[in-house]
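Peer 1: Here you go, sequence then predicted model.
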4 protein chains.
Amino acid sequence: MAPVGSKRGVLERLGAGEVVIGDGGFVFALEKRGYVKAGPWTPEAAAEHPEAGETLPNNRRSQLTGESQKHISSSIVQGPFKMRQLHREFLRAGSNVMQTFTFYASDDKLENRGNKLTFTGQQINEAACDLAREVANEGDALVAGGVSQTPSYLSCKSEDEVKKIFKKQIDVFIQKNVDFLIAEYFEHVEEAEWAVQVLKATGKPVAATLCIGPEGDMHGVTPGECAVRLVKAGADIVGVNCHFDPMTCVKTVAMMKAGVEKAGLKAHYMTQPLAYHTPDCSCQGFIDLPEFPFALEPRILTRWEMQHYAREAYKAGIRYIGGCCGFEPYHIRAVAEELATERGILPEASEKHGMWGSGLEMHTKPWVRARARRDYWERLKPASGRPLCPSMSTPDGWGVTKGHAELMQQKEATTAEQLRPLFQKADCKH
Amino acid sequence: MAPVGSKRGVLERLGAGEVVIGDGGFVFALEKRGYVKAGPWTPEAAAEHPEAGETLPNNRRSQLTGESQKHISSSIVQGPFKMRQLHREFLRAGSNVMQTFTFYASDDKLENRGNKLTFTGQQINEAACDLAREVANEGDALVAGGVSQTPSYLSCKSEDEVKKIFKKQIDVFIQKNVDFLIAEYFEHVEEAEWAVQVLKATGKPVAATLCIGPEGDMHGVTPGECAVRLVKAGADIVGVNCHFDPMTCVKTVAMMKAGVEKAGLKAHYMTQPLAYHTPDCSCQGFIDLPEFPFALEPRILTRWEMQHYAREAYKAGIRYIGGCCGFEPYHIRAVAEELATERGILPEASEKHGMWGSGLEMHTKPWVRARARRDYWERLKPASGRPLCPSMSTPDGWGVTKGHAELMQQKEATTAEQLRPLFQKADCKH
Amino acid sequence: MAPVGSKRGVLERLGAGEVVIGDGGFVFALEKRGYVKAGPWTPEAAAEHPEAGETLPNNRRSQLTGESQKHISSSIVQGPFKMRQLHREFLRAGSNVMQTFTFYASDDKLENRGNKLTFTGQQINEAACDLAREVANEGDALVAGGVSQTPSYLSCKSEDEVKKIFKKQIDVFIQKNVDFLIAEYFEHVEEAEWAVQVLKATGKPVAATLCIGPEGDMHGVTPGECAVRLVKAGADIVGVNCHFDPMTCVKTVAMMKAGVEKAGLKAHYMTQPLAYHTPDCSCQGFIDLPEFPFALEPRILTRWEMQHYAREAYKAGIRYIGGCCGFEPYHIRAVAEELATERGILPEASEKHGMWGSGLEMHTKPWVRARARRDYWERLKPASGRPLCPSMSTPDGWGVTKGHAELMQQKEATTAEQLRPLFQKADCKH
Amino acid sequence: MAPVGSKRGVLERLGAGEVVIGDGGFVFALEKRGYVKAGPWTPEAAAEHPEAGETLPNNRRSQLTGESQKHISSSIVQGPFKMRQLHREFLRAGSNVMQTFTFYASDDKLENRGNKLTFTGQQINEAACDLAREVANEGDALVAGGVSQTPSYLSCKSEDEVKKIFKKQIDVFIQKNVDFLIAEYFEHVEEAEWAVQVLKATGKPVAATLCIGPEGDMHGVTPGECAVRLVKAGADIVGVNCHFDPMTCVKTVAMMKAGVEKAGLKAHYMTQPLAYHTPDCSCQGFIDLPEFPFALEPRILTRWEMQHYAREAYKAGIRYIGGCCGFEPYHIRAVAEELATERGILPEASEKHGMWGSGLEMHTKPWVRARARRDYWERLKPASGRPLCPSMSTPDGWGVTKGHAELMQQKEATTAEQLRPLFQKADCKH
C-alpha cells in the first residue's frame, strides 16, 4: 500500500490531462440499503453503530399503531461496515475520489424540522473522514471533504453566519488532512461563492459544483456567469452535480466552460450528475418531479447510458467525471470501462464484467448469448414495463426560492396544521 | 442473542399462520455491487477473498486491448464483508430467512462455457452456509440451503445423474445443519420433483418453487398440476420464484393453491418474484425480454408497488413472501412494513423510513413536504423519463427447451463461429 | 354502367374465393364531419336536409348560455350530398359493399333517453337504401341492409317483440331490394340468432357479426360456439365487427372458423373491426375504454397497420374484409392495395396514392424522399407525441349486462339525479 | 342569403375585436378521402372531374405488377362535390373563412419531380376560387386567396422570378375578386416579404404566416424579427401556420406579437397550426418527424385539446384562429364551441354535438353516461394503445436549406440512382 503522501493530487492529475473518476451518491444508495432517512437526508450513518457492535434500541414497536405486537429480540451489529463497504465498492468500480459522507452535515441542517440526532455535526464529519481515508488508502484514491448549501442561507442569514457554518465543517476536514475540498449542491451561486472563499482560505485545492441546469441558478444567473464567479472566488475545478441527468449536466458544464473561456479565465471541469433521466425537469431539477424521491426507479440509467455519458463528458473537455444520487457502483464501473483506454486501466470490478455484455457468451440460452455484443446494447430502447404510466411528468414548480416564507427553516417538526394547506395546494395543481 | 436451537422452524411459523419474509436476489444485487458476473451468474463471491485480505491479481490489464496502459497497484480487501453486509441489510429490512448464496453452485454449471473458477462447488457451498448462519444468528432468521435447476437436465442427463448433482450440494447443507431446504428456479416440473425427492430424504422441511408463470412449465404443465406434483413429491411449501413480476407470481401461486386444494392436498404457499415489471413476458419470463439482463432498470418496482404486492400475496393466502432478482433491501422492507400489523413488528431498517413517505415532512421544500402521505404515493403513475422508449417489448421466443441441440451445455467457451449464426438469427427477428 | 341485375352476388363472389371489401364506419366518420351526434349515435343524417336545400333552423343560440349573442343568418344546404360523398369515397377506395346507413335505426333506439327526432325509423331506412343504391350503381358494389342490437333486448323484452323490431327494418330493405342483409353489432349471441332468423326468412343472403372478442359474448359464450349457433340459425357469413382492433378481430374470427369447422359446418368469414388499437380492452371492447368516444385519436391505425391487417385476415381464411368505427376511406384503400394482386385491381383512389409511400419520391426535402419505401414504413414504430400520456388504459368494467336495472331503456332524458351517482361511482373507480 | 358585398371584411372584424375562425387543412383531409396525392401535395382536385361527370380512365391496372388482373368497369362521378362538401363541413363547423384550395398551386411546383398534371396552375386557381365563393355565399364566410412558398426560391431564383410566380396566382384571385389574401407556409422570411409585397400591391387586406416555431426561420431569424419584417412589408395580419402543434404556434405568435409591439408597430395576429402533437420537433417542424406524413395518427389532437388551444390563443391576443394539416371539421367546431360566448353564436354543426360530451347522457351504458361532463374530458390523459411505440421521436435533421444542392428542384422524376444514397444516409442516422 502506497503512503498517502506519495499520491498525486487532484490538480496534478487534471493538469496532466488525466481523467479523475468520482464516486456515486451515498444518500440514495444508503437509503435503499436501509441506513439513511429520506426527508432529512442526513448522513448520521457515518457515525452510527460503531465497530464494536451494540444492540439497537427496540423502539420500532412504538412506530406501529393498532393491534397487539410481539417483541422480537434483535442484535444486528451495523458498525461502519456498511460505510466502508460502499466506499470499497466505488473504489473497486474505479473511483479515484472517496468523498466524505458529509452531505447536509451542518448543524443547522441536522436539527431541521424535528429531525432527532444522537450525534453532533462534528462527530459525523470526523467519522466520515476516517472512513473515507481508510478505504482511499486501499487503492489509488484521494479523499475529498465536502460542504453543501445551508438552510441558513435560504432563511436569509448573513454572509458571516453562513460562512461560519462552512468553517465549522472545514475545520474538521483540515484536522483530518483531506486531499482536497468540494463545495457542492448549491442552488444559488452567491452562497457557493461564499463557500469557495472559506474553502480557498485553507490552501487546499477547491472544486465547486452547483446543482443547476442550462437555465442557471435559482435567481436566473446563467451557467457561464456562475462559472466565472466561482473561478474568480477561487475554485480550481467548476461544474455541476445532482438535480439533472448526465447529458443535461454535460450540456450545462459545456456552457460553463464556454463562459470561463470567454472571460479569459482557466479552470478544470467536473460533472457529478444524477443517475436518473430528467428530460421533463424545469430549473429546480428532479426535486420538483412528482416521482421524487420514492418513485424514481423507472428513470434509472442503464450501464450503457452511463458509457455514453462518460464519452460525451470526455468529448466536452470534462475530466473530473463522477456521479450523484442514483449512481450505484456499476454505474461508476461503466464510466471507468468507457474510458479504460484513456486511463490505461480497467477497474477492479471489471473482473466481474465483460465489456459490452460479453459475459453473456456463457449464458445457457442461445438467444441471450446473441446479446453478447456492443451494437445490441447501444441500440436497445429499453421498455418501462409500465403501460399505464406516462414517459414524462409535469414538474411541480411553486416558484419560491431563497427568502420566501415557506422556505424558512424551523427546528420543530412540521405540524399537521402546516401540512394541510400544502396538501391542498398540491392537489389543486394536479 | 438467542441460540439457534431455540428458534421456531419455518413450518412451525407457517403452521401458526405467521408471515415468513424471504430475502432478495443476491446475484443481481451483487452484480451491481461488482462481485458477480452476469452470464455465468455463479456465486463464487461467497468464497472469494476471504477475511484475512489478499492482494487481487493484477490481470485486468490483459482485458484491455489497444494503447499503452499504466499499472496501478491495488490492494482492496474484499473478504466476505460484502456477503455479510448484504445478508445483514436484508435481515435489517425484515427477512426471516437467510438463503445460502448457492444459486447455480453445482459443479456442472460452474464449469459451463469457459467460466474460470478457483473454487469448487463444495467450497462455495460451505462458505455460503457459514455466512448465512453467522448473520442469521444476529436476528430472528432461519438459514435455508438452496438448489436450483442443472445444465445436466437440459442436456438430457439421466434422473440418476441429475439427482447426484443435487445430492452433492445437499450433503454440504446437512453437514452445516441448515434449518430447511429450498429447491428453486426450475423451468421443468419433472426436474423439480427429482430435486424435492432428494431434499425430502434429508428429513428437513422442503420448499419448492418453479420459475413459471400462468402458462405453466416449459412443457406446458399447468401451475395447478405442477403444484400437485411437487406436493406429492414431498414439498411442504410450494410456489414460484424469479422470471415474472410480483402480481403475475401471486396470480400463478393462486392457481397452484387452487390446484392443490382441488386435489384434496395441503401445503403452504410461497412467492419470490422479480422486482421488475414483466407485463410483456411470454412463458419463459424475463430471460426473453430484450432488456435482460443489462437494461432492466426502467422496470424496477417502487417500494409502493412492493407494498401492494405484499398485500395481494397475503390476501391470496400466501404466507412465505420474499423476492428474487432485482429485490434490494428497501423492497423487502416495504413488504415488512405493509405487513407490520399482521406480523406485530416493524423491521430494524424502518428506523430510517417513515411509513408512506412521512419522513418528507422534514424536507426543506414545501412542495416535497406535500408528498408526505399515503394517497399521494398510491395514486402516482411514475414516468419513465424515456420518451424515446416504448412501454413494452416483444420478447424473444426461440421456442426451444430441454433436449434441443442449441441448449446442450459445453465446457469450452462459446466461439465466434458459434455466436455468428445467433447474432444473425436475432437480427432477423428484430 | 352495368345494370344492377348483372352484378354477381356476395355469395357467388365468396364462393369463387374472391375477396369482398367492406366499407368503413359511417357513424364515427360523419360525427367528425358534423352530421351524427355521439351518444344517441343514430343515423338520421340519412334523411335530414334533402337535396332541394332548406334553411337550417336557427336554434343554436338557445344552446348557449350567458352573454348576449348576435344572430347570424345561415343557409347551408346539406342534403344527402354528405351521405353520397362518404359512400363514394369508400367506393373509390375499393369497397365492394355499400352498407345502408341504418345502424341503430330501430324505433326503440331512436327514441331513447330524450333523443329528439324529426324522422321515423322507416323514413331513415328508406332514405339510406336509396343513397346506398345510387352510389353502388356507380361502380362494382352491392347494397347490404343492416340491422343491429336493440335496446328492447337489453330491457328483457320477449323474443317476439325483439323480432318485430327487426322485421320492421327488414321490410324496408326488401321493398328497396337490397342485395343482401347483415345482422351486426350484437353483444349477445341469442339476440343475433333471433335477428338471423328474421333475416333468413327473406331468402336474401345473410351475414352476421357479433361485436365480441376472444373472451366471447357478454354471457361468456365462446367465439367458436357463437359462430356455430349463428350458422345453425341460418347465417351464410359469420364474423365480428366493431369493439376491437383489427388483429384482435382476426384472432376472434379464427376461433369462430375453428369452431364451425370442428362442428362439421360450413360458412364464409368476415371482419369489420375498429380502426383503433385496443390492446387494453376487456370483454366489452372499446366502449369501456376511458377514451371512448371523444379521445380515441391516439389509437387510430395507420394505413400500414391496415395493410398488415388485410394480409393477416386473408391468411386466416377471411374473405369479407371491411371496417367499422374509425375507418376512413384511406384505411379501406390500404386494404384494397394490400390485396390488389389477389383481387387483380387497384382501387380508383390509388390514382392518388403511391404504394408504400412511393409518392414521396416527389417530395421537396431529400430526407422525406428517403421515406419512399416499404421497409421504412413497415418497421416504423410511430410516436404518440404525448409524453404525459400512458400507452394503455384501465377499462371501465361495471360488470352489468342484459337484465341489469342500470341498462333498462327509458324514453325520457337522463336527469341530473340519475347522473350524479354515476359520476360518483366513476370517480371512485379512477 | 346575404349578398357578398354586404359582408364585413376581415380587417373590419378583427378591428372590432371579433374572433375570426379559419378553416382546416385541405391537403391532408382530402388525401385521406382519396383526392390528393401525398408527395407532390398539389391541389389539382379543385379542377378534376367537373360537375357533369365523366368516366375515370381505367389506367389503374397499369400500376399493378405481377399476376393476371381482371378488368372492372367503373364510372364514379367525382365532380367538385368532394370540394364543396369539405368547404361546407368547415362552414358548418364555424369557419368564417373559405380559403381557396391553392396550396402549392404554382406552376413551378406543379411540375416538380415527375408529377403529371392535366391542368394548368391557372385552371386550378380559378376552379378553387369558384368553389370557395360558392360555399362562402351559403353562410357568414369570406373568401381568402392563398399563395405559398415556391420551389424557385429554394433553387435560388431571383426576387424577380419568384415574384412573377406569385403574381400569376394573384392575378386569378383579383379577377375572381376574393375578399383578402394570405401568404402562408413560408420557411424563409425573405421569400414571405417578397410575397407580401406582391399581395399588398393589389390593395386587398394581406395576412402572412410563416411555418416556423420559436427557433425562428430556416436562417435563424427570430419570430419577433420575422413579424416586424412582415408588417413592414405590408402585412395586416401576421402569424404562423402548419409545421407545429397548436400550443407551440401560440407560443411563437406570442413572440411575434412581442416583437411587433416592441418595434412600436401594429398588426393583427393569426395561427393556423397542425392538428398533430409535435413536442419533439426541431426547427423544421413535423416534416422532419419520422412519422411524416403517413404515420401521424397517434399525434392527432382531440377536440378537447383543441378547445384548450382556442382558449390559449384567445388569451394570447390572437383573434384569427384556424387550423392547418390534420384539422378535420370537428376540430374547427371545437374552436368555435370554446369561443361561443365571445362570438355570441354556436356553429351549425353543434346541433350534432353536446358541449363537453353532454350527448353521452343518452348513451345506453351507464358508465359511458358517467363521462358526460367537462372535468372528465379535461383531465383525461388519452392512451395511445401502442405499448410497443415510444411517445416521442428523434426528428431527422439534415441541416440543409435554401441553396443546398440536394434541395434543387427538377422536372424529371426522381431516379432510383438518386434515391439510393438517400436511403443509405437515412439508414445510417437511425
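Peer 2: Nice, thanks for sending it over.
Peer 1: any idea how far the residue in the stretch 151-300 of chain A that chain B sits nearest to is from B:K251?
Peer 2: For the stretch 151-300 of chain A, the residue closest to chain B is A:H277, as judged by Cβ to the nearest Cβ, at 3.2 Å. Heads up, the C-betas are built off the backbone N, CA and C, glycines and all. Using Cβ to Cβ, to the nearest Å, one gets 31 Å for the distance from A:H277 to B:K251.
Peer 1: Ok, A:A370 next?
Peer 2: A:A370 is 30 Å from B:K251, by Cβ to Cβ.
Peer 1: Tell me the residues on chain A that lie near chain D, please.
Peer 2: A:K381, A:P387, A:P390, A:S391, A:M392 (Cβ under 8 Å from any Cβ of the partner chain).
Peer 1: Could you list which of these also contact chain B?
Peer 2: A:K381, A:P387, A:P390, A:S391, A:M392.
Peer 1: Return the set of buried residues in the helix or strand in which A:E342 is found.
Peer 2: Per DSSP states H and E, A:E342 falls inside helix A:340-343. The neighbour-count criterion (16 or more other Cβ atoms under 10 Å in any protein chain shown) identifies A:A340, A:R343 as the buried residues of helix A:340-343.
Peer 1: rewinding a little: out of A:H277 and B:K251, which sits in the more crowded spot?
Peer 2: A side-by-side neighbour count of A:H277 and B:K251, using other Cβ atoms under 10 Å in any protein chain shown, places A:H277 first with 30 against 18.
Peer 1: ok, the more buried one - contacts?
Peer 2: A:D245, A:R299, A:L301, B:S384, B:G385, B:R386 (Cβ atoms under 8 Å, 6 or more residues apart in numbering or on different chains).
Peer 1: Wait, the fifth one touches A:P390, no?
Peer 2: Read that as B:G385. No: taking Cβ atoms under 8 Å as the definition, B:G385 is not a contact partner of A:P390, at 9.9 Å.
Peer 1: So the helix holding A:E342, near chain B or not?
Peer 2: Yes: using Cβ under 8 Å from any Cβ, helix A:340-343 reaches chain B at A:A340, A:T341, A:R343.
Peer 1: which of the residues you listed lies closest to A:Q272?
Peer 2: Of all the residues of helix A:340-343 next to chain B, A:Q272 sits closest to A:R343, with 17.7 Å by Cβ to Cβ.
Peer 1: My guess is that closest one contacts A:G17. True?
Peer 2: No: in this structure A:R343 lies outside contact range of A:G17 using Cβ under 8 Å: 11.1 Å.
Peer 1: Restrict stretch A:118-125 to CA atoms and write it as PDB.
Peer 2: Coordinates of the C-alpha atoms in stretch A:118-125 are reproduced here as PDB (Å, rounded to 0.1, in the frame of the first residue of the first chain):
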ATOM      1  CA  THR A 118     -27.700  11.500  18.700                       C
ATOM      2  CA  PHE A 119     -24.500  12.900  17.100                       C
ATOM      3  CA  THR A 120     -23.200  16.300  16.500                       C
ATOM      4  CA  GLY A 121     -22.100  17.600  13.200                       C
ATOM      5  CA  GLN A 122     -18.500  17.400  14.300                       C
ATOM      6  CA  GLN A 123     -18.800  13.700  15.200                       C
ATOM      7  CA  ILE A 124     -20.300  12.900  11.900                       C
ATOM      8  CA  ASN A 125     -17.700  14.800   9.900                       C
END
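Peer 1: Report the buried residues of that stretch.
Peer 2: Buried-residue list, stretch A:118-125, by 16+ other Cβ under 10 Å: A:F119, A:G121, A:Q122, A:Q123, A:I124, A:N125.
Peer 1: Adding pLDDT as columns, could you present these in JSON lines?
Peer 2: Formatted as JSON lines, those follow (pLDDT from 0 to 100):
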{"residue": "A:F119", "pLDDT": "84"}
{"residue": "A:G121", "pLDDT": "87"}
{"residue": "A:Q122", "pLDDT": "90"}
{"residue": "A:Q123", "pLDDT": "90"}
{"residue": "A:I124", "pLDDT": "91"}
{"residue": "A:N125", "pLDDT": "92"}
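Peer 1: Distance to C:G323 added to the residues of chain A next to chain D, as a markdown table?
Peer 2: What follows is those, written out as a markdown table (distance: Cβ to Cβ, whole Å):
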| residue | distance to C:G323 |
| --- | --- |
| A:K381 | 31 |
| A:P387 | 25 |
| A:P390 | 30 |
| A:S391 | 30 |
| A:M392 | 33 |
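Peer 1: how near is the residue nearest to A:Q410 when sequence neighbours are not counted to chain C?
Peer 2: Computed as Cβ to Cβ, 6 or more residues apart in numbering or on different chains, the closest residue to A:Q410 that is not its neighbour in sequence is A:R113, at 6.1 Å. Separation of A:R113 from chain C (Cβ to the nearest Cβ, to the nearest Å) stands at 32 Å.
Peer 1: do A:A45 as well
Peer 2: For A:A45 relative to chain C (Cβ to the nearest Cβ), the value is 37 Å.
Peer 1: How about A:E406?
Peer 2: Distance of A:E406 to chain C, computed by Cβ to the nearest Cβ: 27 Å.
Peer 1: ok, now A:P290?
Peer 2: Distance from A:P290 to chain C, by Cβ to the nearest Cβ: 11 Å.
Peer 1: Let me know whether A:G285 touches A:G213 as I believe.
Peer 2: Yes: at 6.2 Å, A:G285 counts as touching A:G213 under the criterion of Cβ under 8 Å.
Peer 1: Identify the contacts common to the two.
Peer 2: A:H243, A:F244.
Peer 1: which intervals of chain A have sub-threshold pLDDT?
Peer 2: Counting by pLDDT under 70, the ranges of chain A that qualify are A:1-5, A:49-79, A:429-430.
Peer 1: what's the residue closest to the geometric middle of chain A?
Peer 2: In chain A, the C-alpha nearest the mean C-alpha coordinate belongs to A:C324, at 3.0 Å (Cα atoms, centre = their mean).
Peer 1: Not counting its neighbours along the chain, what's nearest the residue of the stretch 151-300 of chain A closest to chain B?
Peer 2: In space, A:H277 is closest to B:G385, 3.2 Å off (Cβ to Cβ, 6+ apart).
Peer 1: name the element the one you found belongs to?
Peer 2: Counting by DSSP H and E, B:G385 is found in no helix or strand.
Peer 1: Look at it and say how many residues are nearby.
Peer 2: 28.
Peer 1: so what's it up against?
Peer 2: Going by Cβ under 8 Å, 6+ apart, the list of residues near B:G385 reads A:D245, A:Y276, A:H277, A:T278, A:P279, A:D280, A:P298, A:R299, A:S391, A:M392.
Peer 1: can you redo these as JSON lines with secondary structure?
Peer 2: Shown next, in JSON lines, are these (DSSP: H, G, I helix; E, B strand; the rest coil):
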{"residue": "A:D245", "secondary structure": "coil"}
{"residue": "A:Y276", "secondary structure": "strand"}
{"residue": "A:H277", "secondary structure": "coil"}
{"residue": "A:T278", "secondary structure": "coil"}
{"residue": "A:P279", "secondary structure": "coil"}
{"residue": "A:D280", "secondary structure": "coil"}
{"residue": "A:P298", "secondary structure": "helix"}
{"residue": "A:R299", "secondary structure": "helix"}
{"residue": "A:S391", "secondary structure": "coil"}
{"residue": "A:M392", "secondary structure": "coil"}
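Peer 1: in the stretch 201-350 of chain A, which spans are helices?
Peer 2: Taking DSSP state H, counting those that start in this stretch as the test, the helices found in the stretch 201-350 of chain A are A:223-233, A:246-262, A:303-315, A:329-338, A:340-343.
Peer 1: One more: the stretch 1-150 of chain A?
Peer 2: A:10-15, A:26-33, A:81-93, A:107-110, A:121-136.
Peer 1: roughly how far apart are A:E89 and chain B?
Peer 2: 5 Å.
Peer 1: For that residue, which non-adjacent residue is spatially closest?
Peer 2: Per Cβ to Cβ, 6+ apart, closest to A:E89 is A:P329, 3.9 Å.
Peer 1: Spit out the contact partners of that neighbour.
Peer 2: Going by Cβ under 8 Å, 6+ apart, the list of residues near A:P329 reads A:G24, A:L86, A:E89, A:F90, A:R92, A:A93, A:A349, B:K32, B:R33, B:G34.
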